[in-house]
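Asker: sequence first, then the predicted structure:
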Amino acid sequence: MIWFAWRQFRTQAAVVFGALAVLAVVVIVTGLQLRHWYDISGIANCAAAGDCDTVTSAFTTHYSWLQTLLGNVLIDFFPAVIGVFWGAPLIARELDTGSYRLVWTQSVTRTRWLAAKITIVGAASIAAVGLLSWMVTWWSTPFDKMANNKFDPSVFSERDIAPLGYAAFAFALGVTAGLLIRRTLPAMATTLVGYIAARVVVLIWIRPHFQAPLHATGLLQAPGSDSGLVKLPGATLAPQPGSWLVSSQILDPSGHPTNGRIEVRIGDPCVATHSCLTGYHQTITYQPASRYWPFQWYETSLFIALAVILIGFCFWQINGHRLPTTSRILPGTRPDTPSRPEETLDPDPAALLDRATFTAAERPMAVRGKAGGHRLPDTRDGTDGSSR
Amino acid sequence: MECLVIEFHLDTRSGLPPYRQIVDQVRRALRLGLLEEGDQLPTVKDVVGRLAINPNTVLKAYKELEHAGLVTPRPGVGTFVTATLRDASLAAHGPLRRELLRWFAKARRAGLDEESIEALFRDAFRASAEQDVA
Amino acid sequence: MTAVLDADGLGKRYRRRWALTDCTLKIPAGRVVGLVGPNGAGKSTLLNLAVGLITPTCGRIDVLGTLPARGSAELGRVGFVAQDTPTYAGLSVADHLWMGARLNPGWDRQFAEDRIAQLGLDPAQRTGKLSGGERAQLALTVAVAKRPELLVLDEPVARLDPLARREFLQSLMEVVADQGVSVVLSSHLVADLERVCDHLIILVASRVRLTGDVDQLLATHHLLTGPRRDTDRLPADLHVVQESHTDRQSTLLVRTEAPILDPAWTVGQISLEDLVLAYMSQARAGASNNGHRRLTGVPR
């Protein structure tokens, strides 16, 4: 069955992995070039030299189109595309076209059939996304080193192992949708919607709490006294580079949150003494940079766990609940008026003559009418005269 | 390579069940000398492959012929003719046939159309059969 | 002989509609069984239940002595060709044979390849491009080459032109003659079934109306014509299936196993097609438990 699953899938695999191979060439060539430019740009020493702004802004112009393509488009969409185009049609297509009636009546159980298809296509999905993620991460390393923003939500989901979890989940979601909905296009649409919803939910409500975030408060205009706080120009605080700023609030002296705007009346004496900001606090919640890799694992594991649950459900569904409706055998439940079939000449096996001994002479039930003009067709030839 | 000696055909309108038609066709072939002793009847597979009928039908027919002593099955090989229905009177067929043709020509010259000739023939045939019985 | 299919009180419901009701059957082995009935009668449902694609709502069904499709071995003993002969349109003929070989331990590769060559199919041709008749023959090859004990065919010739239909039935009969496989095939064309079937099941409006060996059915059903007669006064063992009357004449289709001794009746034979039509129209007219129904036309 594994070989048949591969046979059904091989064209799609060829297209995607072929495209990835082409992309790999582009990535390698441009990536090496980028690294070279990075080395000669002096970004590594810019903090000491004090010209970080100019040097970094010059560097980011390199391959900006490819930055967008790889970082924002491909790696963002690819897991969803995999789930929608490889996961959803996996079962839905067979149910839609009716080919399940051919393959489920071969000598392979549905469990083996499903297991083979999920193994082949699932493995290919994770491999494809893993390959792309690896390429994107490697290629973006100079930019990431420079910006030190991998923990940011937008970058976090585009690097390292997080896309693998997304791919597994999208694939599993697609397979489940295909199994339940049974029509290819609606299943694909449902997969897309479900995937986006799950990603959003995890990003906003779950990822910040994988580990309890750290809090910090500081007076504005005061130098950062807590570790992890840095004073940026403009009198606001931020955690160290590489950390993920989850939320940030500015509180007025009485403790009420402002919306980031501090109102100063014209003519207020504080302007002259540069003390308008005294008493104002800023509180931030953040995840320190050291937690980047643990969070990658948390996120990936969460989505893989979801994928495993969905796949488990699929195996349960495909065996216990057969198409087209769920079956519950209710003994004794009969429809109304269960009349017997009206004329049932059920042949009693013992009474049947074995075909080896059958001859016209021994025919049973040769009914003959005595009225004239009637003849039984099988006795017209004079070879037998039996009648009963 | 076996060669087919006879082929069966099925007349769906005749009112006869298929197995009876096969029996009749074998008997007719035997009578006319188309089948001789030692000839092999078409295999069941060949017959059903041509006529698209149930193999049991052919088996039934062959069984009846076997009971009549006309054929015998050889397991693994086929069904073979063991006797003929050819009577010695085959020699008389030629002249009798010529006489019949002459009579038909006469009837046509007398002005009878096809239907009348056939009706006349059948009527006389039946009458002579009754005479023989009596 | 053991029964290839044994159903007891089998029923299947889809949402509110009962597709199959109280179906009790025992199909003996070694037969070519015709399942006939109008569209929507429940033929596909019964056959899908027999191969395990769906499960019963109530009752039970056993095929070759076990639950259908219980495991790999049981699946290998039953060959199935579904309605409209589904195939993988993107795969070639050879791919389908290869699929059969890999998915069926009992696959007879030589037989399959010989058959494809004999049918004149191009192994490299995609099945999406085959004609209906060619696809049906391919589907039959795939079902038969795993050497099943039972073949289940759901309206295999319904969409085929007459030549393709005849060729399919010839092929099927050759296989039956060769391998001795039992066959259950459904159709709403009785003329085809008349040639090949020796056992018949009539299914109308989700119920089994009649089952039996064709020979027995034809021997025990008679068309009686005679002077106008009230059917209540007929002997008890004479079961009237269908009747119609004019002022002077009565025409009855009866089932009986005893000889008909009343000289007033002219007893005639009935063709299988007319027999089936009589049961089908009678069932359609909504016959009650007790059985017969008046019609305005002559049954023949």
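Answerer: Nice, thanks for sending it over. Computed from a prediction, not measured in an experiment: that's the story for all the values here.
Asker: got the domain ranges for chain C?
Answerer: When chain C is parsed with automatic domain parsing, its domains come out as C:3-205, C:216-284.
Asker: so which of those domains is the most surrounded?
Answerer: Per-residue neighbour counts averaged over each of these give the maximum for domain C:3-205, namely a mean of 20 (mean count of other C-beta atoms under 10 Å in any protein chain shown). The C-beta positions use only the backbone N, C-alpha and C, and glycine is treated the same way.
Asker: I'd like to know which of the domains of chain C has the weakest mean confidence.
Answerer: Considering those one by one, the lowest average pLDDT is found for domain C:216-284, at a mean of 84.
Asker: for that domain, measure first residue to last.
Answerer: Using C-alpha to C-alpha, to the nearest Å, the end-to-end distance of domain C:216-284 comes out at 24 Å.
Asker: ok, stretch C:84-98 next?
Answerer: Using C-alpha to C-alpha, the gap from the first to the last residue of stretch C:84-98 comes to 21 Å.
Asker: over to stretch C:79-86?
Answerer: The first residue of stretch C:79-86 is 14 Å away from its last residue (C-alpha to C-alpha).
Asker: near chain A, anything from that stretch?
Answerer: Yes - part of stretch C:79-86 sits near chain A under the criterion C-beta under 8 Å from any C-beta of the partner chain, namely C:79-80, C:82, C:84, C:86.
Asker: which secondary structure elements does the helix or strand hosting residue C:241 sit against?
Answerer: Secondary structure from DSSP states H and E places residue C:241 in strand C:239-245. In this structure, strand C:239-245 packs against strand C:249-255, helix C:272-284, with contacts taken as 3 or more C-beta pairs under 8 Å, 6 or more residues apart in numbering or on different chains; DSSP states H and E.
Asker: which one, of the ones you listed, ends up nearest to residue A:172?
Answerer: Taking C-beta to C-beta, helix C:272-284 is the member of the helices and strands packed on strand C:239-245 nearest to residue A:172, at 48.5 Å.
Asker: give me the domain ranges for chain A.
Answerer: Each domain of chain A, as a residue range, per automatic domain parsing: A:2-211+A:292-320, A:214-262+A:272-290.
Asker: out of those, which one sits most buried?
Answerer: Sort those by mean neighbour count, taking mean count of other C-beta under 10 Å, and domain A:2-211+A:292-320 sits at the top with a mean of 18.
Asker: need the residues of chain B near chain A, please.
Answerer: Those residues of chain B that sit near chain A, judged by C-beta under 8 Å from any C-beta, are B:15-17, B:20, B:23-24, B:56, B:59-60, B:63-64, B:67-68.
Asker: ok so, going back, reformat the helices and strands packed on strand C:239-245 as JSON lines; add distance to residue A:115.
Answerer: Formatted as JSON lines, those follow (distance: least, C-beta to C-beta, whole Å):
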{"stretch": "strand C:249-255", "distance to residue A:115": "53"}
{"stretch": "helix C:272-284", "distance to residue A:115": "45"}
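Asker: of all the ones you listed, which one is nearest chain A?
Answerer: Comparing the helices and strands packed on strand C:239-245 by their distance to chain A (C-beta to the nearest C-beta), the top pick is strand C:249-255, with 5.7 Å.
Asker: ok, then the element right after that closest one?
Answerer: Sequence order places strand C:266-268 as the next helix or strand after strand C:249-255, per DSSP H and E.
Asker: what is that next one packed up against?
Answerer: In terms of contacts (3+ C-beta pairs under 8 Å, 6+ apart), strand C:266-268 is packed against strand C:221-227.
Asker: quick check, the strand it packs on touching chain B?
Answerer: No - applying C-beta under 8 Å from any C-beta, one finds that strand C:221-227 is not in contact with chain B, the shortest distance being 13.4 Å.
Asker: parallel or antiparallel, list what pairs with that strand.
Answerer: Sheet pairing here is set by DSSP bridges, and for strand C:221-227 it gives strand C:249-255 (antiparallel), strand C:266-268 (antiparallel).
Asker: residue C:23 pairs with what?
Answerer: Counting by DSSP bridges, residue C:23 forms beta bridges with residue C:10.
Asker: in a markdown table, list the residues of stretch C:79-86 next to chain A along with distance to residue C:219 and secondary structure.
Answerer: Formatted as a markdown table, those follow (distance: C-beta to C-beta, whole Å; DSSP: H, G, I helix; E, B strand; the rest coil):
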| residue | distance to residue C:219 | secondary structure |
| --- | --- | --- |
| C:79 | 32 | strand |
| C:80 | 32 | strand |
| C:82 | 34 | coil |
| C:84 | 36 | coil |
| C:86 | 39 | coil |
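Asker: rebuild these as a markdown table, extending it with distance to chain B.
Answerer: What follows is the residues of stretch C:79-86 next to chain A, written out as a markdown table (distance: C-beta to the nearest C-beta, whole Å):
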| residue | distance to chain B |
| --- | --- |
| C:79 | 17 |
| C:80 | 21 |
| C:82 | 22 |
| C:84 | 22 |
| C:86 | 24 |
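Asker: where does chain B dip in pLDDT?
Answerer: Segments of chain B classed as low confidence (criterion: pLDDT under 70) are B:1-3, B:86-91, B:133-134.
Asker: mind putting the domains of chain A into TSV with mean pLDDT?
Answerer: Below are the domains of chain A laid out as TSV (pLDDT from 0 to 100):
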stretch	mean pLDDT
domain A:2-211+A:292-320	89
domain A:214-262+A:272-290	68
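Asker: which outside residues touch stretch B:73-89?
Answerer: Contacts with stretch B:73-89, where a contact means C-beta atoms under 8 Å, 6 or more residues apart in numbering or on different chains, come from B:2, B:27, B:30-33, B:35-41, B:43, B:62, B:65-66, B:69-72.
Asker: quick one: which of the residues of chain B next to chain A is nearest residue C:46?
Answerer: The closest of the residues of chain B next to chain A, once distances to residue C:46 are taken by C-beta to C-beta, is residue B:56, at 23.2 Å.
Asker: chain B: strands as residue ranges?
Answerer: Assigned by DSSP state E, the strands in chain B fall at B:71-74, B:78-81.
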